[in-house]
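> Whatever this is, show me its structure:
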Amino acid sequence: MTTINITVLLERYEAMRMLSRQMLKATLDENWDDLISSGNVRSTIAEFLQHKDVIQWDGVSADRKAEMIREILELDNKIREVAVRHMDQLHGKIGSINTEIKLKKAYE
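Down below sits the predicted model:
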């Protein structure tokens, strides 16, 4: 098994953090294509880390990794909150459209 350098792993965690920030911005901008694209790249990195991050972390590197993971999780929560709010709005609009269609059919 090939040992992965801590620096490489930290770079991957940093990339995930940056992608999470991009995902939040895309969600706030309602740019769903960018959200999905960034999410797909982030998933690939997460899969890499799941298989390669098998080293013993210590000291400053462990603290840095933990800080990045905490921020990623916080960003994920914010993304979820915004997306759920948007979905609720869409459900309301769809309900209004369905009611409008039913009324229109009733008077045809």
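> Residue 43 sits in which helix or strand?
Using DSSP states H and E, residue 43 sits within helix 32-52.
> quick one: buried residues of that helix?
Along helix 32-52, these residues count as buried under the neighbour rule (16 or more other C-beta atoms under 10 Å): 35, 38, 39, 42, 45, 48, 49. The C-beta positions use only the backbone N, C-alpha and C, and glycine is treated the same way.
> Also stretch 5-14?
Residues of stretch 5-14 classed as buried by neighbour count (16+ other C-beta under 10 Å): 6, 9, 12, 13.
> picking that back up, show me what the helix holding residue 43 is packed against.
helix 6-28 (3 or more C-beta pairs under 8 Å, 6 or more residues apart in numbering; DSSP states H and E).
> Show residues contacting the helix it packs on.
By C-beta atoms under 8 Å, 6 or more residues apart in numbering, the list of residues contacting helix 6-28 from outside reads 31-32, 34-35, 38-39, 41-42, 45-46, 48-49, 52-53, 55, 57, 61, 64-65, 68-69, 71-72, 75-76, 78-79, 82-83, 86.
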